[in-house]
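Colleague: Okay, sequence plus prediction incoming.
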Amino acid sequence: MFQMSNPIERQPTERTIYLETFGCQMNELDSELVQGQLVSLGYTFCRSRTDADVVLFNTCSVREQAENKVLSRIGELSVEKSEGRTVVIGMLGCLPEREGNRLLRKYPQIDFICGPSELDRLPTLLQNTLVTEKLSTAERAALQGNRSRRSAALSAADDNLELLDLSRVFDPDFRQSSGRSAYVRITRGCNKFCTYCVVPNTRGAEVHRPPDSIIEECKKLVESGAVEITLLGQTVNHYCYTHGVALGENGQEVPQIGPGLTAFKKPTDTDQTVTTFANLLQRIHDEIPNLLRLRFVTSYPIDFGDDILEVMRDCPRICNYLHVPAQSGSNRILKKMNRGYTVEEYLEFIDRARKIIPDVEIAGDIIIGFCSESEEDYEATRELITKVRFKNNFVFHYSPRPGTVAINRFEDDVPREVKKRRLNALLDLGAKISAQVHQSYEGREVDVFVEKVSPQSVKQRGIELKWEEKKIQLSGRTSGDLICVFDVNSEAKAKKLLGTIVQIEITGSAPLLLKGVLTTTILSK
Ligand code: SAM
Ligand code: SF4
C-alpha cells in the first residue's frame, strides 16, 4: 500500500524525499550537495522509494544502460501514480539537460526537470511543484540548454553553483559508506569533445573554481571530519586559474571559463598570475596538514606536466594513484575518438609517471567496439593493457549517444555479440594483470585508510555463528587505491579503526583485493 498525502494538509518541507543517483562521482557529489541544501531547508530524506512524497533521480547520460534504468523506474512510478499514489517526480542531471522539454512531453508523469548547471534552483522548483497544482512546461524545467557553453570569462561570475559547493554541510555519520572521504569539484564541464561523449553537451564548457574557494571548502570538510578528499574534474589536470580576470561584485575571485588548450602548455614558474593544477595540489597539501589523503580524478593523458608528478612525489599525503583513461590501444581509433594523443604518447606519459613516482598505481577506462573497430584495433588495445599493467580498467562497450559527433558521422557497425566477446576477453586479460599487480604486494606492509565494515562481514553478522570467535572484516584502500581487507576481533575495535590509517602486512591477494593482518593500529586519526 502506498502512503497517500494531501498536498494541502502539509507544509512542503514536511515531505520526505527519496534520492537515487546514477553515474559518476560528479553525480554523487551533486546529489550530496542537493541533499545538504534540501535538509537545511527542513526536508527529510528516506531510504525507501515507496515511503517518499518526492522521488528525485539524479541521472546519467554517458551510456544508454544508465538511461534505460532510470526510465524503467519512471515507468514503475507512473503505474503507481495511475493507481492513486501521490508522489512528486523530479529528474535531475544529464538526461534532462540533453532531452529538455521533450522529456516532459514524453513522460508527463515527471513533475519537473533540472539540469546539472541549475541545481541551485532546485529548492524553488520543488517548492513550486509542491504548492501549485499544475505548472506550465516552462515552469517545470530548469535547464541551461545551449547557454551552458557560456563564452565570456566574466559570465561565470554570477555563478550560483559556486555557492552550492561552498555552502555544503558534511556529516560523516549521515553518509552510507566511506564516511570520512569527500569529493571536491575543482572544475566543471569539459572542452575536449571526444566524439563518443555527451559530457561537453550536458555539463557545458570547462569552468575552473578559484583556488581560495577550493581550499576553503577542503578546510571546512576536514574540520567536519573528512580524512580523505578527492578532487574532481573531467580533465582534472587541466585546472588552471588566472588571477584577476573573473571578479565578483565586491572584488572576490569567482569561477572562470577555462582557457583554450594552448594555455596548458605549462605556464612558467615565475608567472605569479596563474594557479596551475600542480600549484593547487601543493597549496592544499601544505595549507591543510590535517588532511591525511588527497586524490584526484580523472586525469587526461596529455597536458600532464612533470610539475604535477613531482608535487605528487614530494608531498607524502598526496596518493600515488592516477586514473588516466586510454580508451583504446589503436591509433586509428584514438584519432576517430578525437582523443588528441597517440598510443606512443600515452605510453610515454605512463613511463614518465612511473619514473618520477615508482610506486604509482594506474587505473583506466577502455571503450570496446567503437565504430569500425577491427580485430587488429582490438588486439592493439590488448597489447596496450598488457604493457601498462593497470591495477584495473573500467571496460565499457561503445554506446552511441544522441548529440555526439560519433552518432551523426560514424556507423555503430561492430555487432553486439562481437562487442560482448571482446569485452569479456578484455576483462579476463585485465583480471590476470590485476591479479599479478595485487600479488606483487604480498609480504609488503602498506598504509590502509579504513573505510567500512566489508560487505562480506555485514552478511555474515546476520547469522549467529556461536561456535566461532566473532571476527569483523574491515575494508579500506591503499594510497595506490588497492582495496585491502583485514580482520579485527571486536566491534569496539572495528569502530575505533574506521576513518583512520593503519598499517597492514599483506598476506594474500585476489584480482581486485589485498588481504592482510593489522600490524600497527592507528597511524593517524
Ligand atoms: N573525462 C574522463 C576522460 O576523458 O577520461 C571520462 C569521463 S566519462 C563520463 C567516463 C567514461 O565513460 C569514459 O572514460 C569512457 O570510457 C566512458 N564513456 C563515455 N562515453 C561513452 C560512450 N558513448 N560509450 C561507452 N562508454 C563511454
Ligand atoms: Fe567526455 Fe572526452 Fe571530456 Fe572525458 S575528456 S568528459 S571522455 S569529452
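Modeller: That came through, no problem. Ligands and ions are numbered 1, 2, ... in the order given.

Colleague: Pretty sure Ser479 sits against Cys319.
Modeller: Yes: counting by C-beta atoms under 8 Å, Ser479 touches Cys319, with 4.5 Å between them. From N, CA and C alone the C-beta is placed, and that goes for glycine too.

Colleague: contacting residues around Gly329?
Modeller: When contacts are counted by C-beta atoms under 8 Å, 6 or more residues apart in numbering, Gly329 touches Val343, Asp377, Ala380, Thr381, Arg382, Glu383, Leu384, Ile385.

Colleague: For the residues you listed, give me a markdown table that also has neighbour count.
Modeller: A markdown table is the format used below for those (neighbours: other C-beta atoms under 10 Å):
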| residue | neighbour count |
| --- | --- |
| Val343 | 19 |
| Asp377 | 22 |
| Ala380 | 19 |
| Thr381 | 25 |
| Arg382 | 16 |
| Glu383 | 13 |
| Leu384 | 22 |
| Ile385 | 20 |
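
Colleague: returning to what we had before: are there residues contacting both of Ser479 and Cys319? Which ones?
Modeller: Common contacts of Ser479 and Cys319, defined by C-beta under 8 Å, 6+ apart, comprise Arg293.

Colleague: can you tell me which of the contacts of Gly329 are in helices?
Modeller: When DSSP state H defines the helices, the subset of these inside them is Val343, Asp377, Ala380, Thr381, Arg382, Glu383, Leu384, Ile385.

Colleague: In those, find the pair that's most separated.
Modeller: Distance extremes for the ones in helices among the contacts of Gly329: the farthest pair is Asp377 and Ile385 at 13.4 Å, using C-beta to C-beta.

Colleague: Spell out which residues of the stretch 401-525 of the chain are next to ligand 1.
Modeller: Within the stretch 401-525 of the chain, the positions adjacent to ligand 1 are Arg401 by C-beta under 6 Å from any ligand atom.

Colleague: pLDDT score for the residue in the stretch 401-525 of the chain that ligand 1 sits nearest to?
Modeller: Closest approach between the stretch 401-525 of the chain and ligand 1, counting by C-beta to the nearest ligand atom: Arg401, at 4.7 Å. pLDDT, Arg401: 95.

Colleague: pretty sure it is touching Tyr196, no?
Modeller: Yes: under the criterion of C-beta under 8 Å, Arg401 makes contact with Tyr196 at 6.9 Å.

Colleague: Out of the contacts of Gly329, which is nearest to Ile288?
Modeller: In terms of C-beta to C-beta, no member of the contacts of Gly329 lies closer to Ile288 than Ile385, at 35.7 Å.

Colleague: Sort out which residues of stretch 205-221 are buried, please.
Modeller: Residues of stretch 205-221 classed as buried: 205-211, 213-215, 217-221 (neighbour count, 16 or more other C-beta atoms under 10 Å).

Colleague: Now flag whichever of these is closest to ligand 2.
Modeller: Nearest to ligand 2, judged by C-beta to the nearest ligand atom, of the buried residues of stretch 205-221 is Glu206 at 8.8 Å.

Colleague: thought Pro123 was touching Leu38?
Modeller: Yes: contact criterion C-beta under 8 Å: Pro123 and Leu38 qualify, at 6.4 Å.

Colleague: Which of the two has more residues huddled nearby?
Modeller: With neighbours defined as other C-beta atoms under 10 Å, Pro123 and Leu38 compare such that Leu38 has more, 21 against 17.

Colleague: contacting residues for that one?
Modeller: Leu38 makes contact with Ile17, Phe45, Leu122, Pro123, Leu126, according to C-beta under 8 Å, 6+ apart.

Colleague: Ramachandran angles for it?
Modeller: When read as degrees, to the nearest 10, the backbone of Leu38 gives phi -70, psi -30.

Colleague: What separation do you get for it and Asn201?
Modeller: As judged by C-beta to C-beta, to the nearest Å, Leu38 and Asn201 stand 27 Å apart.

Colleague: same deal with Val517?
Modeller: 50 Å.

Colleague: Of these two, which one has the most company?
Modeller: Each of Val517 and Asn201 has its neighbours counted (other C-beta under 10 Å); Asn201 has more, 22 against 11.

Colleague: ok so, going back, which one of Arg401 and Tyr196 has more residues nearby?
Modeller: The neighbour comparison of Arg401 against Tyr196 (other C-beta under 10 Å) goes to Tyr196, with 24 against 20.

Colleague: now the stretch 151-300 of the chain, which segments are flagged as low pLDDT?
Modeller: Applying pLDDT under 70 to the stretch 151-300 of the chain flags residues 151-161, 163, 166-179, 259-272.

Colleague: how about 90 then?
Modeller: Residue ranges of the stretch 151-300 of the chain with pLDDT under 90: 151-181, 201-205, 224-225, 242-273.

Colleague: Can you pull the residues of it lying near ligand 2?
Modeller: Cys190, Lys192, Phe193, Cys194, Cys197, Val199, Pro200, Gln234, Thr235.

Colleague: mind putting those in TSV, neighbour count and secondary structure included?
Modeller: TSV is the format used below for those (neighbours: other C-beta atoms under 10 Å; DSSP: H, G, I helix; E, B strand; the rest coil):
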residue	neighbour count	secondary structure
Cys190	22	coil
Lys192	16	coil
Phe193	13	coil
Cys194	20	coil
Cys197	23	coil
Val199	20	helix
Pro200	20	helix
Gln234	21	coil
Thr235	23	coil
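
Colleague: what's the closest of those to Thr500?
Modeller: Thr500 has its nearest neighbour among these in Gln234, at 31.8 Å by C-beta to C-beta.

Colleague: Alright, calling it a day.
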